[in-house]
Structure formats: C-alpha cells, structure tokens
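S.K.: Predicted coordinates and the sequence they were generated for:
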Amino acid sequence: MNELLLKITFALIVVVVLMTLCAYSVLAERKVSSWIQGRVGPNRTTLPLIGSLPVIGPMLTRLGIFQPAADGLKFLFKEDVIPGHVNKFYYVLAPIISLIPALTTVTVVPFGHFIYEETGRTIPLVLADIDVGILFLFAVGSLGVYSIVLAGWAANSKYPFLGGIRASAQMISYELAMGLSVLPVFMWVNKPGMEGTLSLYDVVVAQEGLWFAMWMPVSALIFLVSIFAETNRLPFDMAEAETELVGGFHTEYSSFKFGLFFVGEYAHMVVGGAVMTLLFLGGWHPLPFLPWELTGIMGAVVSVLTFLGKSLFFMFLFIWVRWTLPRFRYDQVMRLGWQIMLPLSIANLIAYAIIIYFLDT
Amino acid sequence: MAIILKRKPLNLLEKLYLPQIVAGLSTTLKHMVAPKETMEYPEERPPIPKGYRGVPTLVKDPEGREKCVSCQLCEFVCPPKAIRIIPGEIQDEEHANVEKAPKEFDIDMLRCIYCGMCEEVCPEEAIWLQNQYSMSGYSREEMVNNKEKLYELGGTLPDQHFKWKKKKEAEAAGNAH
Amino acid sequence: MSDDQKDDGLISVFIDGEEVRTKPGTNIIEVAASVGKEIPHYCYHPKLSVSGNCRMCLVELGMPGKDRATGKPMLNDDGSPKIMFFPGPAIGCGTNAAPNMHIKTDSDMVKECREGVTEFLLANHPLDCPICDQAGECRLQEFSTSHGAGYSRFVEQKNVKPKRTRLGPRVMLDDERCILCSRCIRFCQEVADDDVLGFTDRGSYSTLTCFPGKQLENNYSLNTVDICPVGALTSTDFRFKMRVWFLKQVKSIDFETSVGCNTEVWSREGKIYRITPRRNDAVNDTWMPDSGRELYKLVESDDRLEICQVDQVKVSPSEALSKAVELLQASDGLAIVGSGRCSVEEQYALKKIAETTKAVGVYLVGRYGEDDGILVSKDRNPNVRGALMTGLIDSLPEESLSELGAKIDSGEVKAILSVKEDLIAAGLSKAQLQKVALISLDTQSYPSTEVAKVAIAGLTPFERSGALVNQQFRIQKFHKAVPGPSGAVDDLVALGTIQANLSGESFPSTVASIWKSLGESGPFEGLSFQSISDEGILLDGTGFDSLPFVEGKSLHFEPKQEAVAAE
C-alpha cells in the first residue's frame, strides 16, 4: 500500500516536472529564437503579486517567466473549433494519442540514483526499472507517429493529409538507423558471461568511466540526427512544414487539441534529450572518470540535477539547430535516411561488433 | 548564349556537411549573445528625422495666437478631402490685425494620407506635419481631429515673419491714415 | 477711307495686326474682347461710365501715316501702309475705336506699363489674400499673377487704413484693399441713383467713405460688392462663409418680382452660400436687388416643410400623394389655388388637373408692392404671365381670395388644391379651410398648412428646374442648384402624379418631357426646354394687351401705353 502511494506520488511529480519542462521549453523556444534573431522575445506577461515585487518581479517579467501560464490559458480558453468535414472520432483521438507515448516512455527513463549511506546499496530513480527499457522506449515512442497519421487522416483535408504521410514515412525511415545506432552501446553493456540487460540504468552504470559518445561518436551522431527526425524538429519538420503545408498535420486543430499536440511534441523532445543523455552522455555522471562519492539525499539531488542539466542542453540544442538550419527538401530527407544513415549505421554496427569482439577477447 | 557556371566540386569535409552546421550554429550563437535590435516601442521611441511628415497639426505663434486664418487652401488642396474647415470671424482686439480664424477645423485621420500638401500650401505656416506618428482610436469619430486636438498636438512653433505684426508696426510708425 | 465705310456701318480696326470689324464708338477694351483678347482693367465696367483712373488698360495706338505735304499715305518698302504709333500709351477704356486704328495690346511698352501699374497698386495693398473673401475671383490677384513682376521691391512700411468699416447694413469696407477704381461710386450715382459714396483725401491718403450722415443702404448696395475688383467691399452675409473656389455656380432667376433678374446660385455640397446677378443686357444688365439675394435662406429656414404630412402626421411622399389623389377623387367642387411663383411647367400641370377635375374655380394670389423703377417691379409674382399664357387664369390675380371664401361658405367648393400659397394670409379664415378638404403643396409651413388634410412638401426654386415668363413676356430658365430634403417631392412630380392618377393617362413629370406637350401648340409652340437660351426668349404677349398690368417702368421695361394711361 505504501509502496503504491509512493509510486503514485513519484509518477505525479514526474508528470508535473515533464509538463513544466514542456511549457518552459516553449518559452525557451520563443526566447532563444528571438535572441538569435536579435529580438527580445516575450517580456510583457506578468502576474499581479509576483510581478510587482521589486527587482525580481520586473526581471522575471522580462525573462517571460509567466508567459507559459498565459499561453496555456490561451489554449484552454480559445474556441474549440471542430470543422464540419472531419472524422470526429479520430480527430479527437489523435491529440490524445500524441501525448500518451510521450508520457509513457518517461516511466522507463531513469533520472538519477539514490545511494543508501549505510549499506552503499544503489537504487535507480525511475518509475519502472524494467529490463527491456530501451526496447520499451522504442516501441512506445514510435507509437507517436500514429497520432500524426491519425490527425492527418481525420482532418480530411489536403495539408494535414500530406503532413501525416510525410511524417509516417520519415519516422519509419529514421527509426531503422536509430535502432541500429544504439546496438553497439548494448553490445558493450552486455558483456559475454554476464546476465543480458536492456535496462537504461545499466547503460548509465556502464558509463562511469568513458562516456559512449566519446568512443562511439558515429553512433551518437546517428542517434542524435534520428532523434531530430523522430521528433519532427527542424531541419526535419516535414510533417508541419509551415511554408509548404500551412500547419501540416495540425492545420485543422485549434484550442486545447492543438495545445496537446504542442505539448506532446515538446514532451517527445524532452524524452529524446533524456535518452540521448542516458545512452551517450553518461546519464547523471557529471564528468567522465569521476568516481561517485555523494550518497543519500544530497547524492540523489546532484544526480538528478546533473541529468536534468544534460537533458536541457539537448533541449537547447534542438532549439538552437531549429533557428540555424533550413528545412530539408523531402527527397533529401528520404535520401539521407535510406542512403546515408542506414548504411552508415550498419557499417558502424559491423565495425563496433568487430572492435568489441577483439576488446572482449 | 547561356553561360554555364560549373559548380566547384565539394571536398570530403564539405560533403560531410557537419563543419557547415557547426559554423552555422556558432553564427547563431554569436547573435544570441549580441545586443538586441528590438526597440521596445511604447517605452522607447524612434528618433524622428527632420522633415518627418507625421500627423498634421495646427500651431500657434510665439505670442499664443492661432496662426490659421481659415483660408481653406489646405481643404482645397487635400487630395483625399480629409480637411474640413468652417471659417469664422474673430472680434477681439488681441487679434485685431487678423479678422479670420477657423470656427471649426477637422482633419479626418482615417482619410489623411500624410502627403504634406496642406503644409506646403499654407500661406500662414499654420499647419505642420510634425513628429506625431501614432494615431489610434476606438471609433471613427475619435479619429477626426478637431480644432482643440490639432492645437494641442501642434503646440507653438517659432515664427520668422510675424506677418500680421508688421501692420501694427506700420501703424506705430505713423503710416496710419 | 472709302473702302472702310461699307454698308454695314462697321469700321475696321487692327488689334495686334489683325483686322476687326466693329461699330463706331466702341471702346478698345470691348473691341479686343470681341475677338477674345483681354485687356486687363479695374475701373472700367461695361455698364458704367468710363472714368479711366486705374491705368491698367494702357495700350499702344497708331494710325496709318500721311505725308503732311502731299496728304498721301506713307508706305513701307513693301508697299503696306506705314503705321505711325503714338509715342505714349493710351487707356483702352477711354479710347473709342477709330477707322483703321492700330492697337498693340501685347507690346513691350504695354507690358511694362501694366507691370508698373500693378507694382504701384500692390505697393500699399495688404497681403490679405488668405483672409480676403475676394481671393479666387479677385482681379488684382489675377492680374498681378499674369501682368505683375512676381516680386516686391517695396521695403517701406505699408499704409494703414481703416479695416472692417461698416458702410451699410449689408456692405463692409476694407480700405486697405481698395485700389480706388471708383466703380462703386459710379454705380451708386448712375444705377442705384443713391449718391452716398466718395473719396476723401488725396494721393495715398485717398479713402473711400460714405458721405457724412449717410449709409450705403439702398436695395442695390450689394452690387458694389460684385463689381469691386478687389476685396475692399465685402458682403456682410457672405463674409468669411466660404471660399469662392469651392462654390458651384448654377444659373437661376430671381423669384422676387416679375422683372426676372438673371442670377447665379453659388452652392457647395447642397448648401447655398450666395446669389449673384448674371449678366443679361435685355433684363438686368449685371445687377440685381439685395432683397433677391436673401431668398436662398428659404431653403434652410426654420419653418421649412421637409416631410409630407397627412392630417399633421408625417408620411412618405408616395403616401401623401396617394392620399391626395384619394381626396381629390372623392370630392367634387374642387377649387385650385395656383401660384405666380410656380414655373410654367407646374402651371401647365395645374391647368390639366383643373380640366380633369372640372374645377369650379382656379385662383392665383396676387402680390403687389411698390416698384423702384430699377429692378423691383410692382408685381411681386415672378410668373403671372406664365399662368396667363398656359391658360391657367385669364385675368390678373387679386390679392385676396374673398371670392373663393364666398364659394366655401356657400358650399360650392368642397376641396382645395393649393400650391405654394398661404391661404390664411390670402384672406381665408381657418374655419373656412377646416370646412373643406385642403391639399397643399408647400415649401414652408404656413398657417394654412397646419389645417391641410394633406400637406405635400415641395421644393424651393433652388431645388428644381423650370421656366418663368417675366414682365416683358420673356421666358427664362432656372436650374436646380441643390438637392431638396429627402422627405420632399418635386412639385412637378407631385402634380404630374396627381394628374396621371386622376385622368388615368400618363402625364409627364419632368421638365424636359412636359415641354413636349407644352411646345406642341399654344403660346410656346416650337419651344423646348433646351431651346430656351440663357438670355431667355421674348414671346409674343400682344394677346394680353387688354389686361391692366401693374408694372411701371424699370431698367429694361417700358409698360404698354394703355396700362400707363389706365394708371
């Protein structure tokens, strides 16, 4: 009973943190884009009490800290338009589906560890520490494409339809390379003679010394590029290429349903960044070859913060890249996916298979 | 004849595309920390260059008299017919040299095209397009500047001529008959 | 010069080398004007005596040279007559054309003269144009642009003279602007016959003033404003009201009396600002009485009837007209009270209504006042002769409608169709009017309008077109200057609709179409509205010689001898 209560509390905390992260990623997106473009970004929204504090209030206002609240409220209170020509069931279902995989994948993402001071026993901070972690992650994460396909289909109009088709083809193309790129990591983690594991926690543990990004840079790069493609971020935002497709798959959505898509997209990004951190950047290890000495609550907090920092760097990277690179043409996306990424990941896999074979023997 | 320019073949690094991405990222990063170009409008205002053609206004001379004598040339010349004047007579001795002033002077800012022809045609230098550039209102009526508003916007401008004063000077010089 | 003395009695003069045939005794300004050459002038006015004091019309004159010894014409080398030009210029207004005279209107000397005159005139003229009512129609403005130097050498201080002097109830004087042309003085002496204006002092001190104890208050005082070439004389009524360049001019007729002065109505955006005379040498020359200039105030007067009424309830024009038709059809014993202020077309329509309804009586209300021998006649109805010629009436109207009153009292008259007349002012009592079904077509709300069953809001003369026949039996046109109120209906449309509904036949309701039947036969045979020129057409009025017309002599009208004898 206590166990369950604890789990629920944890789950709630994780969801709240994830949602807050999403909200502030939107703010970050707006702020970073304006800074890159020489603007100041949202700096007007304020709250009655906090906003009128001396020094802090105006500073927070200028940083746009209260903007996500206004944005969220706007989504809530806008008129919810359901166009007459849509397939109503799928139309309503699609935005729900978009959020579910993002929230589900987060359950298997470990975000720190806790070391008992007395016993030195280490437990991972994760909602569900399952052995098939990475498999579960890929499996559930790729369900996200269904929301886009459904949205494109249910909207029953040209732009969403094209956006949906593009998204499905693109996500399938890059999932291959992504899957193959992480195999060397698990080949190394699962040493011969040991019990096999696909748990993300074990991957992090294996990175106490060298981070995988350091000696598997090609894998890291392929994975990073694939994450970009999977989350439909520029330069791969074929699904909603606004210059071509108006809004892409969510053209016909408004109000809270659009908000769900929006949040789902950013949740995907957060999870993507987290997984990238776990697999290649040493998870919650602050630096390579730095032995972990902090224990107890203090240790847990530091581990979580380290992990969050690394993940947030990836969030920033996503935003940074978006406002730097132009969008690919669709044929370029496909060519990159099938002709470059896939062969490269296969070659990478073979190369590391051989390397790891020699290292292990 | 068409000229065909051969594109330079890319070397391996260029083909990799990654250095270019990094270069691009560093460029945007530089911009991110660079000082911002934004002018935060209601608080900050752009410097208005000399000769700017803003909202047309009526001005008073340094002695506080209204310069406009309602000759209606601006009303005549106004291409979109934004100006509407009802002339009137002034009786008070203070303005004894000038007999005429506008009773009503309306400029419909919804019609005004800021061409400045009223300023150009004005024989009294009474109407000026000054540096006021933002006009807004909630109704059409609000967007019609009446005489009081026009004088409020215009204020006082220095006068080189004091055209009407010359007559008083002449009178004082003994030219009165 | 035998070849010049042709049978037509015209002489040849040469303006800038071009031969012009003209009557002997015509002055040079008029001769030049007849071939479209304008010689600038301020003091000269075709209808006033020549004073020659502005010196603007200076031209070079010359005659073919004659050898003194032999008396033979002097010839140039090519055999053409040699022209001996006078060493100095001469004024065009004061010089009559002489046979074979040569006139240079554009030579260097003439230009120099004009420039010099203009410079002197402008020396003391204030730069008042922005506030001057004359701006836009100011001769000085025009000529200083076309003949002036374009800059000022005058550095001294200008003269200061009285401004805003009240010369009379309707005329204001600004002495600074006066260029001393004396047109106004001559007008008062020669036309208005009220010698009140004159110059005092000399040189640049000259000032126009009224004679002590007198005022410029005759009924023609505003003509001085019209002929003033600058803005010295301005009309109190029009002063500072509107710039002339905004105003649209429409040709009209003065409705005040049977003289029928030709006028121009100046309006902007449906609002009339002033009425000025229009030159017609056969009727009013270039003058009109002041009283006629105030008539436009009817258009926006307080008692204007703007909306039709049935039993004092406001209704649309069509409702009022159908109610009027209903009443007219229901009642026998209809009397029609027409008006001498109606146009010929409306009187014709009334006549047709009278015929259709077999009206028991057709009346006009006579209006008589004093005449002044100039442009105000005794008959204050502008179109009594029109009513006679259309056959609406056959005798001159009485001032009082007592005959109609008797018929109401006896019960013979049960309905009255009255047009533009206040029946109570014409001698009927309220009680009498309440006994009958009164249908009135008015522009103002008269006491009789208040007892009318149907009151149709009509249009003032400035809001409709038509033709009038004046005391000379001259038919003249007036035109619509401004639109009428939205609730009113054109008089002719109203009468035409009533007639069409009563007779069951179509009846024209526009001026142009009604002239098709008017011009078919009768006194207007062969005429159409378009064919009446702006000067009007003199009709044959001999058929009415037996009627005792009351008009006395006026500017261009001589009463018939019998009428004078009868008086």
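M.R.: That came through fine.
S.K.: Could you tell me the average pLDDT over stretch C:174-188, please?
M.R.: Model confidence over stretch C:174-188, given as mean pLDDT, is 92.
S.K.: right, I mislabeled it, should have said stretch A:199-209
M.R.: For stretch A:199-209, the mean per-residue pLDDT is 81.
S.K.: repeat for stretch C:303-323
M.R.: Regarding stretch C:303-323, the rounded mean pLDDT is 92.
S.K.: quick one: contacts for the spatially closest residue to C:Cys138 that is not a sequence neighbour?
M.R.: What sits nearest to C:Cys138 in space, not counting adjacent residues and going by C-beta to C-beta, 6 or more residues apart in numbering or on different chains, is C:Val230, at 5.7 Å. (C-beta placed from N, C-alpha, C; glycine too.) By C-beta atoms under 8 Å, 6 or more residues apart in numbering or on different chains, the contact list for C:Val230 reads C:42, C:125, C:134, C:138-140, C:177-179.
S.K.: Out of the residues you listed, which is nearest to B:Gly174?
M.R.: C:His125 (19.4 Å; C-beta to C-beta).
S.K.: which SS state does the closest one fall under?
M.R.: coil (DSSP: H, G, I helix; E, B strand; the rest coil).
S.K.: Phi, psi for A:Leu260 please.
M.R.: As for A:Leu260, its main-chain torsions (degrees, to the nearest 10) stand at phi -60, psi -40.
S.K.: Please determine how far it is located from chain C.
M.R.: Taking C-beta to the nearest C-beta, to the nearest Å as the measure, A:Leu260 and chain C are separated by 59 Å.
S.K.: if I look at that residue, how far off is A:Tyr266?
M.R.: Separation of A:Leu260 from A:Tyr266 (C-beta to C-beta, to the nearest Å): 11 Å.
S.K.: Which one of the two is surrounded by more residues?
M.R.: The neighbour count for A:Leu260 versus A:Tyr266, taken as other C-beta atoms under 10 Å in any protein chain shown, is higher for A:Tyr266 (24 against 20).
S.K.: which residues make contact with stretch A:72-85 from outside it?
M.R.: When contacts are defined by C-beta under 8 Å, 6+ apart, stretch A:72-85 is touched by residues A:23, A:88, A:91-92, A:155-157, A:252, A:254-259, A:262.
S.K.: ok, now with 10 Å
M.R.: The contact list for stretch A:72-85 (C-beta atoms under 10 Å, 6 or more residues apart in numbering or on different chains) reads A:19, A:23, A:26, A:88, A:91-92, A:155-157, A:251-260, A:262-263.
S.K.: Between the contacts of C:Val230, which sits nearest C:Ala415?
M.R.: Top of the list for closeness to C:Ala415, among these and by C-beta to C-beta, is C:Gln134 at 53.6 Å.
S.K.: For the residue lying closest to C:Asp67 once chain neighbours are set aside, list the residues it contacts.
M.R.: Computed as C-beta to C-beta, 6+ apart, the closest residue to C:Asp67 that is not its neighbour in sequence is C:Met74, at 5.6 Å. With C-beta under 10 Å, 6+ apart as the criterion, the residues that contact C:Met74 are C:64-68, C:81-84.
S.K.: hang on, B:Phe105 in a strand?
M.R.: Yes - B:Phe105: assigned to a strand according to three-state DSSP.
S.K.: For the least confident helix or strand in chain A by mean pLDDT, buried residues please.
M.R.: Among the helical and strand segments of chain A, the one scoring lowest on mean pLDDT, DSSP states H and E is helix A:242-245, with a mean of 76. By neighbour count, and taking 16 or more other C-beta atoms under 10 Å in any protein chain shown as the criterion, the buried residues in helix A:242-245 are A:Leu245.
S.K.: Determine the set of other helices and strands touching it.
M.R.: If contacts are counted by 3 or more C-beta pairs under 10 Å, 6 or more residues apart in numbering or on different chains; DSSP states H and E, helix A:242-245 sits against helix A:158-189.
S.K.: what's the distance between the helix or strand that the helix it packs on is followed by and the middle of its chain?
M.R.: Along the chain past helix A:158-189, the next helix or strand (assigned with DSSP states H and E) turns out to be helix A:200-205. Here helix A:200-205 shows a centroid-to-chain-centroid distance of 18 Å under the convention C-alpha atoms, centre = their mean, to the nearest Å.
S.K.: same deal with stretch B:31-43?
M.R.: 26 Å.
S.K.: Could the C-alpha coordinates of it be exported in CSV?
M.R.: Only the C-alpha atoms of stretch B:31-43 are listed here, as CSV (Å, rounded to 0.1, in the frame of the first residue of the first chain):
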residue,chain,number,x,y,z
HIS,B,31,23.8,36.6,-32.5
MET,B,32,22.2,35.1,-29.4
VAL,B,33,24.5,37.0,-27.1
ALA,B,34,24.8,40.1,-29.3
PRO,B,35,22.9,43.2,-28.2
LYS,B,36,19.3,43.2,-29.3
GLU,B,37,18.0,45.3,-32.1
THR,B,38,14.5,45.5,-30.7
MET,B,39,13.1,48.9,-29.8
GLU,B,40,10.6,48.4,-27.1
TYR,B,41,8.0,50.7,-28.7
PRO,B,42,5.7,52.3,-26.2
GLU,B,43,8.6,53.0,-23.8
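S.K.: Does chain A have contacts with it?
M.R.: Yes - part of stretch B:31-43 sits near chain A under the criterion C-beta under 10 Å from any C-beta of the partner chain, namely B:31-40.
S.K.: Report the buried residues of that stretch.
M.R.: Here stretch B:31-43 shows B:31-32 as buried, counting by 16+ other C-beta under 10 Å.
S.K.: Just to check, C:Val299 is in contact with C:Thr460?
M.R.: Yes - counting by C-beta atoms under 10 Å, C:Thr460 is a contact partner of C:Val299 at 5.3 Å.
S.K.: Can you work out which residues contact both of these two?
M.R.: Taking C-beta under 10 Å, 6+ apart as the contact criterion, the residues that touch both C:Val299 and C:Thr460 are C:272, C:443, C:481-482, C:484-485.
S.K.: Those: which ones sit near chain B?
M.R.: Applying C-beta under 10 Å from any C-beta to these, none is adjacent to chain B.
S.K.: Now render those as a markdown table, adding neighbour count, distance to C:Lys158 and pLDDT.
M.R.: Conversion of the shared contacts of C:Val299 and C:Thr460 to a markdown table gives the following (neighbours: other C-beta atoms under 10 Å in any protein chain shown; distance: C-beta to C-beta, whole Å; pLDDT from 0 to 100):
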| residue | neighbour count | distance to C:Lys158 | pLDDT |
| --- | --- | --- | --- |
| C:Ile272 | 24 | 36 | 95 |
| C:Thr443 | 26 | 49 | 92 |
| C:Ala481 | 26 | 40 | 94 |
| C:Val482 | 20 | 41 | 94 |
| C:Gly484 | 22 | 48 | 92 |
| C:Pro485 | 18 | 49 | 92 |
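S.K.: Next up, the contacts around the residue of the stretch 301-450 of chain C found nearest chain A.
M.R.: Using C-beta to the nearest C-beta, the single residue of the stretch 301-450 of chain C nearest to chain A is C:Ser316, 44.8 Å away. Under the criterion of C-beta under 10 Å, 6+ apart, the neighbours of C:Ser316 are C:307-308, C:310, C:322, C:486-487, C:489.
S.K.: Try it again at 7 Å.
M.R.: Contacts for C:Ser316 (C-beta atoms under 7 Å, 6 or more residues apart in numbering or on different chains) come out as C:Cys308.
S.K.: Enumerate the residues of chain A near chain B.
M.R.: Chain A has residues A:32, A:35-36, A:38-40, A:320-321, A:323-325 near chain B, with proximity defined as C-beta under 7 Å from any C-beta of the partner chain.
S.K.: Repeat the analysis, applying 10 Å as the threshold.
M.R.: Residues of chain A lying near chain B (C-beta under 10 Å from any C-beta): A:31-41, A:43-44, A:62, A:221, A:235, A:317, A:320-326, A:336, A:340.
S.K.: Now list the buried members of those.
M.R.: Buried by 16+ other C-beta under 10 Å: A:31-36, A:41, A:43, A:221, A:235, A:317, A:320-325, A:336, out of those.
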